[in-house]
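In: Sharing a model prediction with you, sequence too.
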Amino acid sequence: MKRASTWIALGCVSWASPAAAATLSVGPGKTYATPCAAIAAAQAGDVIQVDASGSYDGDTCTWSTDNLTVTGVNGRAKIDLTGVTPSGEKGIFTIEGTASATIENFELSGAAISSAAGNNGAGIRHQGLNLTVRNCYIHGNQDGILAAPATANTGTVLIENSEFADNGAGDGFSHNMYIGDYATFTLQYSYSHKANVGHLVKSRAYTTYILYNRLTDEVGGMASYETDIPNAGTAYVIGNIIEQSTTTQNSTIVTFGEEGVPTGYDTHLFVVNDTILNDLGSGTFVEDSTSTPAVLTNDIFYNGGTVTNQASAMLTTNFSAGNPMFVGVATYDVNLMPGSPCVNAGTTPGSNGSQSLTPVFEYVHPLSEVPRIVVGSAIDIGAYEYGNPADAGLPVDAGAADSSTAADSSTVADGEPESDTGPGGVASTPDTGAGSSTAPGDGGATAAKPGSSGGCGCTVGATSDDRALWLAGQGALAVLVLVRWRKRPRGPGRTAR
């Protein structure tokens, strides 16, 4: 698949570089001594390569040149801004106007401004159109990323394979990442932890995808919400490990619509195949302040607390009572052990219109991912599939899902198997009804019912015919996902497995 259509598949706009785009080199012995010197000289569409061996502390700038790619090479390029005021009292890198930008392979830290100026100095401040952040480590700023489009419901933000830690001014208004009212925000294959009083991720986007991440507050962490989507919209929270610490600032883990729903926003929340750990032992896993029933399917809600505040929520084959049998919960290894009551106990996730809710990746720590396919008679509950061959580095093929599975060999013109995928590889499929085979329930808080997986405490909503059909599709999907996973662009220092 060519790069442009790959990024469309990820739900993000790809920006074609002009034919005359140049590559500007930064570092010891290079044309430019600092990233900002090269940025000032760059033309629209240029690529700026920053040698990680250089010293760039204190370098900060603002630009409105469109479609610049600023990327570290030979490792992560590092800028520590401690003691230096960010450009325009905004961010280490600030993008303005209608500019789109890609930032890759950087470590950004130390951005801070006075409380009078806003207390929100950011590693990256984006006020343009589109933003891609890939393979970055952003830590110790007042905001990790602070982003808002010039016009509401325009632009896209994609963050992938990146780490955020210890961002926040300690005032509760600054966060590891704070994404404004873009049309679409996608966070995938990333690690956000230990925000300083603020949230691990906050999004006001019209459509939000939180896919295959580790969002953990960890021992001594003082974050507030782990995932905050305050204006609702359409939100997909799929395949994540999410953890609330004992020292949290707020006992709710995922919250949706709590600040009200502005005109033009949807109100649909989908929380599917997540593993959510509550070290606090009380509070609420998912709080939905809208009147639209949230869809909670195949989730593990571990260690006490209320599954959801919403009486009308559609809860199907979740696990919230008993021992899910994690490999090592203390180290956030929430793979399932043999004999886990969550194995083969899930339900076909269904779809929301053309957007499939089926998880097709698993997060791999740190900052990576592998394809997820079904092993056995049904999808497992939680973020990990027991026996997934990709976890062991084995080839993924259609037969791994079921011996009767067959893959469609149709191809598109460039020779890659044809597939219609959404953000993060969540497949787009014909509408089967959002959260199909769902019904209001208790998230697995009661004893196992007739027809359920023994010990799961959750009703199995799909028939054997449903599962056979779904597994056949999963096998074909596994092949297509693997091809895209192996071919997708990866940042410097990352290799395809």
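Out: Cool, the structure landed.

In: pLDDT weak spots in the protein?
Out: 1-19, 395-497 (pLDDT under 70).

In: Mind doing that once more with 90?
Out: By pLDDT under 90, the weakly predicted segments of the chain are 1-20, 389-497.

In: Start from the N-terminal end of the stretch 301-450 of the chain and give the strands.
Out: 306-308, 314-316, 326-328, 333-336, 351-352, 355-356, 361-364, 368-371 (DSSP state E, counting those that start in this stretch).

In: Could you count how many residues lie near Phe301?
Out: 30 (other Cβ atoms under 10 Å). (Each C-beta comes from the backbone N, C-alpha and C, glycine too.)

In: just the one 3 residues further on next, same as before
Out: Close neighbours of Gly304, defined as other Cβ under 10 Å, add up to 14.

In: From Met222, how far off is it?
Out: 20 Å (Cβ to Cβ, to the nearest Å).

In: what's around Ala22, how many residues?
Out: By other Cβ under 10 Å, neighbour count at Ala22 equals 13.

In: The nearest residue in space to it that is not next to it in sequence: neighbour count?
Out: Excluding its sequence neighbours, the residue lying closest to Ala22 (Cβ to Cβ, 6 or more residues apart in numbering) is Asp46, at 5.0 Å. Counted with other Cβ under 10 Å, residues neighbouring Asp46 total 21.

In: Leu24 is in contact with Asp46, correct?
Out: Yes. Between Asp46 and Leu24 there is a contact under Cβ atoms under 8 Å: 6.0 Å.

In: give me the number of residues near the closest residue to Ile113 other than its chain neighbours?
Out: Nearest residue to Ile113 in three dimensions, chain neighbours excluded: Gly121, at 4.2 Å (Cβ to Cβ, 6+ apart). Applying other Cβ under 10 Å, we find 28 residues neighbouring Gly121.

In: which ones are touching Gly121?
Out: 81, 85-86, 89-91, 111-113, 141-143 (Cβ atoms under 8 Å, 6 or more residues apart in numbering).

In: From Pro349, how far out is it?
Out: For Gly121, the distance to Pro349 - Cβ to Cβ - is 40 Å.

In: Then Glu226?
Out: Glu226 is 21 Å from Pro349, by Cβ to Cβ.

In: next one: Val364
Out: Distance from Val364 to Pro349, by Cβ to Cβ: 21 Å.

In: what does Asn135 give?
Out: Distance from Asn135 to Pro349, by Cβ to Cβ: 29 Å.

In: Between these two, which has more neighbouring residues?
Out: Looking at Asn135 and Pro349 with other Cβ under 10 Å, you find the greater number of neighbours at Pro349, namely 29 against 23.

In: now that one, nearest residue through space, not along the chain?
Out: Leu357 (3.8 Å).

In: how much space between that neighbour and Asp274?
Out: 12 Å.

In: The two: which has the busier surroundings?
Out: Asp274 (31 against 25).

In: How about Asp165: which residues does it bridge to?
Out: In this structure residue 165 is Ala, not Asp. Ala165 has the following beta-bridge partners by DSSP bridges: His139, His193.

In: what's it in contact with, if anything?
Out: 137-140, 176, 192-194.

In: Now with 10 Å, please.
Out: 109, 137-140, 144, 176, 191-196, 200, 218, 221 (Cβ atoms under 10 Å, 6 or more residues apart in numbering).

In: how far away is it from Ile379?
Out: 32 Å.

In: swap in Pro262?
Out: Pro262 is 35 Å from Ile379, by Cβ to Cβ.

In: Neighbour count for the two, which is higher?
Out: Ile379 (30 against 14).

In: Grab the nearest non-local neighbour of the more buried one.
Out: Counting by Cβ to Cβ, 6+ apart, the residue nearest Ile379 is Gly346, at 4.0 Å.

In: Wait, the one you found touches Tyr384, no?
Out: No. Here Gly346 does not reach Tyr384: they are 11.6 Å apart, not a contact under Cβ atoms under 10 Å.

In: shared neighbours of the two, which are they?
Out: 273, 359.

In: Look at these two and report which has more neighbours.
Out: Legend: neighbour count by other Cβ under 10 Å for Gly346 and Tyr384, higher for Gly346 (31 against 27).

In: Would you report the backbone torsion angles of Pro35?
Out: Dihedral pair for Pro35: phi -60, psi -40, per degrees, to the nearest 10.

In: which ones are touching it?
Out: 24, 26-27, 48-50, 54, 56, 59-61, 70-72, 77, 79, 92-93, 103, 106.

In: Same question for Thr267.
Out: 231-235, 256-257, 261, 288-294.

In: if you look at those, which of them are in helices?
Out: The helices, defined by DSSP state H, take in nothing from those.

In: Give me the buried entries from those residues.
Out: 231-235, 256-257, 261, 288-290, 292-294 (16 or more other Cβ atoms under 10 Å).

In: Quick check: the two most widely separated of those residues?
Out: Spatially, the most separated pair among the buried ones among the contacts of Thr267 is Asn231 and Pro293, at 18.3 Å (Cβ to Cβ).

In: picking up where we left off before, just curious, which of the contacts of Thr267 is nearest to Gly339?
Out: Scanning these for proximity to Gly339, where the rule is Cβ to Cβ, the winner is Ala294, at 30.6 Å.

In: what's the distance between Asn273 and Val201?
Out: From Asn273 to Val201 the distance is 18 Å (Cβ to Cβ).

In: Of the two, which one has the most company?
Out: Remark: of Asn273 and Val201, Val201 carries more neighbours, 31 against 28, as counted by other Cβ under 10 Å.

In: does that one really touch Phe185, like I thought?
Out: Yes. Val201 is in contact with Phe185 according to Cβ under 10 Å; the separation is 9.1 Å.

In: which residues do those two both contact?
Out: With Cβ under 10 Å, 6+ apart as the test, Val201 and Phe185 both reach 159, 177, 179, 208, 210, 229.

In: Of those residues, which belong to strands?
Out: Within the shared contacts of Val201 and Phe185, residues falling in strands by DSSP state E are 159, 177, 179, 208, 210, 229.

In: a markdown table please, covering those residues and showing neighbour count and distance to Val375.
Out: Shown next, in a markdown table, are those (neighbours: other Cβ atoms under 10 Å; distance: Cβ to Cβ, whole Å):
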| residue | neighbour count | distance to Val375 |
| --- | --- | --- |
| Ile159 | 28 | 30 |
| Met177 | 30 | 34 |
| Ile179 | 26 | 35 |
| Thr208 | 29 | 30 |
| Ile210 | 29 | 25 |
| Ile229 | 28 | 32 |
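
In: ok, so of these, who is nearest Ala37?
Out: The closest of these, once distances to Ala37 are taken by Cβ to Cβ, is Ile159, at 26.3 Å.

In: distance of Pro149 from Asn141?
Out: For Pro149, the distance to Asn141 - Cβ to Cβ - is 21 Å.

In: between the two, who's got more neighbours?
Out: Asn141 (31 against 23).

In: count of residues packed around the closest residue to that one other than its chain neighbours?
Out: Distance criterion Cβ to Cβ, 6+ apart; nearest residue to Asn141, sequence neighbours excluded, is Ala111 at 4.1 Å. When neighbours are defined as other Cβ under 10 Å, Ala111 has 34 of them.
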